[in-house]
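**Q** here you go, sequence then predicted model.
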Protein chains: 2
Amino acid sequence: MNLNDSAIVGQLGAEARRRLSAAAEERNFRRGEALFHQGEPLKGLFILLAGRVKLSQVGPDGHETIMRLVAPGDAFAAVAAFSHARSYPVSALAMTDVTLAFWPRRTAQRLVSELPELAGLLTEEISRHAQVFQQRLREVSTERVSQRLARTLLRLAGQASRPHDAGTLIDFPLTRQDLAGLAGTTLFTVSRLLSAWSDRGILQVGRARVIIRSAPDLLMEAGGDDSPAS
Amino acid sequence: MNLNDSAIVGQLGAEARRRLSAAAEERNFRRGEALFHQGEPLKGLFILLAGRVKLSQVGPDGHETIMRLVAPGDAFAAVAAFSHARSYPVSALAMTDVTLAFWPRRTAQRLVSELPELAGLLTEEISRHAQVFQQRLREVSTERVSQRLARTLLRLAGQASRPHDAGTLIDFPLTRQDLAGLAGTTLFTVSRLLSAWSDRGILQVGRARVIIRSAPDLLMEAGGDDSPAS
DNA sequence: CGAATATTTGATAGCGTTCAAGGTACGTGG
DNA sequence: CCACGTACCTTGAACGCTATCAAATATTCG
């Protein structure tokens, strides 16, 4: 994927786009490598060009919570572009081999301050994520695991999916453990639920693979509409 | 409280401050009134001048999750100032009689686009809240209620507290139900925990009142340091 | 003082975690 | 291409944290 194909960059004017491109560095990581760790000082701003990246926080007890799955074209670590933040709140792990565009922190800050267009788009993005966090926070506080897992799958399908057989393949390599980290539960409970839904024909599951065969039934399991209110 | 005493406004230059003030409208609400409801179209941007406001989301089952408690000087509904968002993700309720500065959406958008200074500060604010949401999301996903409640109390003390007797009074009128909505549990569990901690001399509790007598012990209960990593 | 709101406490049940054990798929090197 | 090691997945059994429900008590305010 080219930098200009990114949703963020695509909305910029020609001049801003050129300045961004000129300042970008290309970075590569192998599957399993960490791009940065939570608590580490901010390095800079990324846009993912190819592969999949996982942003997560692990607690003192070792339990991992996945904050975001990054697909090509997405920007992340935008916090580095806005001034006073100190260190990364999450760790970033390459789920596959990845290639990224990278801007060191100072460069990113300069670009953001000189290109209000860019600043606006990044702010919208941060704001959108904040809303998703709020919704997930409500869900994990008040709903049961099956609902949360169902909605997690639907959300993933909405974000990155491909048609496959008689269903929709979720286009991330997600283990049961990963799904647990997204839904706020354990891999055991995830395994049980996926098996049950597979038996009922709602899903087709495999190793690090989920295919949704009946989105309506899943929505049922999630307990109705996705939006907090309509 | 005067608009210029707000943390956000205080950091602005004289010119920006003047333009903000000139465009501000004053609004008043009585205790118990809703400023807006989740799902409603965005009205505009607020800065709280006096009183206390609660931002929360309620699920279809009626369970409430409190996203933020607003103290005088804080801005909220900043999402209204940045373009494409559609509707409020939360409801805002006056916990006491309140007075606010208000900018209608169009005005707020214009101000933000013409005052990059203001845009930057609001973005930082949104970003900071997003990080808190991430942390709370991890906590509610992986920690037990007692830890979350302890950290909730510490967080509140850090945000708005007054010295009182031999302790720190949390300066919000919070019922057990409210604390439950913050920690992601039920009022019953909150009541039991507060009683236990009161017996142990860590807290002093009353109707809609909590005084922290031993912050270190509370920190113990929370399971150590607040930051995700250091 | 009375009504409304808030709180406490007990009893019960269940959802989901934890721990254990075995099975299955994958990829890598011989 | 096969064998092996590693990573991932499934299933069972038991426990316990926390929600739920019920009922009584306490506090505030008009």
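**A** Looks like it came in fine.

**Q** so where is chain A shaky, pLDDT-wise?
**A** A:83, A:226-230 (pLDDT under 70).

**Q** so the spatially most central residue of chain A: helix, strand or coil?
**A** Central residue of chain A (Cα atoms, centre = their mean): A:Leu69, 2.2 Å from the mean position. Following DSSP: H, G, I helix; E, B strand; the rest coil, A:Leu69 is assigned to strand.

**Q** that one and A:Leu12: what is the separation?
**A** Separation of A:Leu69 from A:Leu12 (Cβ to Cβ, to the nearest Å): 24 Å. Heads up, the C-betas are built off the backbone N, CA and C, glycines and all.

**Q** how about A:Glu64?
**A** Going from A:Glu64 to A:Leu12 by Cβ to Cβ gives 34 Å.

**Q** could you do A:Ser161 as well?
**A** 27 Å.

**Q** gap between the longest helix anywhere in chain A and the chain center?
**A** The residue-count maximum for a helix in chain A (DSSP state H) belongs to helix A:116-142. Centroid separation between helix A:116-142 and its chain, computed with Cα atoms, centre = their mean, to the nearest Å, is 12 Å.

**Q** which positions within stretch A:190-201 qualify as buried?
**A** Under the neighbour-count criterion of 16 or more other Cβ atoms under 10 Å in any protein chain shown, stretch A:190-201 has A:190, A:193-194, A:197-198 buried.

**Q** looking at the residues you listed, which is nearest B:Pro60?
**A** Proximity of the buried residues of stretch A:190-201 to B:Pro60 (Cβ to Cβ) peaks at A:Leu193, which lies at 20.4 Å.

**Q** so which residues make contact with the particular helix or strand that has the closest one in it?
**A** Secondary structure assignment for A:Leu193, by DSSP states H and E: helix A:187-199. Contacts of helix A:187-199 with the rest of the structure, by Cβ atoms under 8 Å, 6 or more residues apart in numbering or on different chains, involve A:145-146, A:149, A:175-177, A:179-180, A:183, A:203-205, A:210, A:218, A:221.

**Q** repeat that with 10 Å
**A** A:145-146, A:148-150, A:152-153, A:174-183, A:185-186, A:202-206, A:210-214, A:217-218, A:221 (Cβ atoms under 10 Å, 6 or more residues apart in numbering or on different chains).

**Q** can that helix be found next to DNA strand C?
**A** Yes - judged by Cβ under 7 Å from any atom of the strand, helix A:187-199 comes into contact with DNA strand C through A:188-189, A:192.

**Q** following the chain onward from the longest helix of chain A, which element is next?
**A** Using DSSP H and E, the first helix or strand after helix A:116-142 is helix A:145-159.

**Q** touching DNA strand C at all, that next one?
**A** Yes - using Cβ under 7 Å from any atom of the strand, a contact is recorded between helix A:145-159 and DNA strand C, made by A:145-146.

**Q** what's that helix packed up against?
**A** Counting contacts by 3 or more Cβ pairs under 10 Å, 6 or more residues apart in numbering or on different chains; DSSP states H and E, helix A:145-159 packs against strand A:64-70, helix A:116-142, strand A:167-170, helix A:176-183, helix A:187-199, strand A:209-212, helix A:215-222.

**Q** tell me which strands the first one pairs with, and in which orientation.
**A** Right, the one you point to is strand A:64-70. Sheet pairing for strand A:64-70, assigned by DSSP bridges, gives strand A:53-58 (antiparallel).

**Q** between the strand it pairs with and helix B:116-142, how many degrees?
**A** 70 degrees (axes from the mean of the first three to the mean of the last three Cα atoms, to 10 degrees).

**Q** alpha carbons only: can I get stretch A:127-135 in PDB?
**A** This file holds the C-alpha atoms of stretch A:127-135, laid out as PDB (Å, rounded to 0.1, in the frame of the first residue of the first chain):
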ATOM      1  CA  SER A 127     -11.800  11.500  19.100                       C
ATOM      2  CA  ARG A 128     -13.400   8.600  17.200                       C
ATOM      3  CA  HIS A 129     -11.200   6.100  19.100                       C
ATOM      4  CA  ALA A 130     -12.100   7.800  22.400                       C
ATOM      5  CA  GLN A 131     -15.700   7.100  21.600                       C
ATOM      6  CA  VAL A 132     -15.000   3.500  20.900                       C
ATOM      7  CA  PHE A 133     -13.200   3.200  24.200                       C
ATOM      8  CA  GLN A 134     -16.200   4.700  26.000                       C
ATOM      9  CA  GLN A 135     -18.500   2.200  24.400                       C
END
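
**Q** please see if it touches chain B.
**A** Yes - contact of stretch A:127-135 with chain B (Cβ under 10 Å from any Cβ of the partner chain) involves A:127-135.

**Q** show me what contacts the spatially closest residue to A:Thr186 that is not a sequence neighbour?
**A** Excluding the flanking residues, the one nearest A:Thr186 by Cβ to Cβ, 6 or more residues apart in numbering or on different chains is A:Ala180, at 5.3 Å. With contacts defined as Cβ under 10 Å, 6+ apart, the neighbours of A:Ala180 are A:63-66, A:145, A:149, A:152, A:174, A:186-191, B:141.

**Q** and A:Ala180, how far from A:Glu124?
**A** To A:Glu124, A:Ala180 is 30 Å away according to Cβ to Cβ.

**Q** now A:Gln177: how far from A:Arg207?
**A** A:Gln177 is 12 Å from A:Arg207, by Cβ to Cβ.

**Q** looking at the two, which one has more neighbours?
**A** Counting neighbours by other Cβ atoms under 10 Å in any protein chain shown for A:Gln177 and for A:Arg207 shows that A:Gln177 has the greater number, 16 against 7.

**Q** how near is that one to A:Ser56?
**A** For A:Gln177 relative to A:Ser56 (Cβ to Cβ), the value is 11 Å.

**Q** joint contacts of those two?
**A** A:64, A:66.

**Q** quick one: contacts for A:Arg162?
**A** A:168-171, A:211.

**Q** same deal with A:Ile47?
**A** By Cβ under 10 Å, 6+ apart, the neighbours of A:Ile47 are A:1, A:3, A:6-9, A:20, A:24, A:70, A:72-78, A:100-103.

**Q** ditto for A:His63
**A** With Cβ under 10 Å, 6+ apart, A:His63 has these contacts: A:57, A:180-181, A:184, A:186, B:138, B:141-143.

**Q** filter those residues down to the ones near DNA strand C?
**A** Among the contacts of A:His63, DNA strand C is touched by A:184, A:186 when using Cβ under 7 Å from any atom of the strand.

**Q** thinking again about what came up before, how about CSV for the residues of helix A:187-199 next to DNA strand C, with distance to DNA strand D added?
**A** Shown next, in CSV, are those (distance: Cβ to the nearest atom of the strand, whole Å):
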residue, distance to DNA strand D
A:Phe188, 5
A:Thr189, 8
A:Arg192, 5
